[in-house]
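Peer 1: build me a structure from this.
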Amino acid sequence: MIISIFIIALGKYIFQFWLQGKIDFNFSLLLALIIAFNINNLWNTSSVALVSTNNHSKFGLLYVGCTLLSVGIVCLISVNSKNLSFVAFSTIIGESILASYLFRQSILLTHDSVSLFVKDYINKIRKIVNNEVG
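Peer 2: Numbering: from 1, shown residues only. Below you'll find the model as predicted:
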């Protein structure tokens, strides 16, 4: 999350430096990719519980289905628009479906609860912020 904030804040300058100003910076594309990246991190972390217990068959099928859905959305939208941000937004849709499924399955598998997960997540963020800022 901290890296995402850093990239959002300095992404334009990194982009311009890296590509030497030859390609225009698109903030909405960057933001959509950062959102997709963070959603991916959520489900990727949650997938460990399913994969390590060999309960990932449905996940594999859902992954292929979400990929096909995202590609299909891109194909439909790209016919009428040349905006690359739609590619990233279609990725967000697929990533959100995967995150929703995997999060629920991991919570069930580990006999955890959403409230405990959220509370622990917030506490970890607070510790990170307090250690870096304080």
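
Peer 1: for the protein, give me the ranges with low pLDDT.
Peer 2: Residues of the chain meeting the criterion pLDDT under 70: 1, 132-134.

Peer 1: residues in contact with stretch 96-110?
Peer 2: In this structure, residues lying in contact with stretch 96-110 by C-beta atoms under 8 Å, 6 or more residues apart in numbering are 39-40, 42-43, 46-47, 49-50, 53, 55, 58-59, 62-63, 66, 69, 112-114, 117. Placement of C-beta: from N, CA and C, glycine included.

Peer 1: equivalent analysis for stretch 36-50, please.
Peer 2: Under C-beta under 8 Å, 6+ apart, the answer for stretch 36-50 is 1, 4, 56, 59, 88, 91-92, 95-96, 98-99, 101-103, 105-106, 109-110.

Peer 1: how far does it sit from its chain's centre?
Peer 2: Distance of stretch 36-50 from the chain centroid (C-alpha atoms, centre = their mean, to the nearest Å) equals 8 Å.

Peer 1: now do the helices in the protein.
Peer 2: Using DSSP state H, the helices of the chain run over residues 2-19, 27-52, 57-78, 85-109, 114-133.

Peer 1: any idea which of those helices is most buried?
Peer 2: helix 85-109 (a mean of 19; mean count of other C-beta atoms under 10 Å).

Peer 1: report the inter-axis angle for that one versus helix 27-52.
Peer 2: Between helix 85-109 and helix 27-52, the angle comes out at 30 degrees (axes from the mean of the first three to the mean of the last three C-alpha atoms, to 10 degrees).

Peer 1: and helix 85-109 with helix 114-133, angle?
Peer 2: 120 degrees.

Peer 1: run the chain-centre distance for helix 85-109.
Peer 2: 8 Å.

Peer 1: now swap in stretch 54-69 and tell me
Peer 2: That offset, for stretch 54-69, works out to 16 Å (C-alpha atoms, centre = their mean).

Peer 1: over to stretch 10-25?
Peer 2: Distance, centroid of stretch 10-25 to centroid of chain: 23 Å (C-alpha atoms, centre = their mean).

Peer 1: which residues touch the nearest residue to Val51 once chain neighbours are set aside?
Peer 2: Excluding the flanking residues, the one nearest Val51 by C-beta to C-beta, 6 or more residues apart in numbering is Phe59, at 7.8 Å. Contact partners of Phe59, counting by C-beta under 8 Å, 6+ apart, are Ser47, Leu50, Val51, Leu98, Tyr101, Leu102, Gln105.
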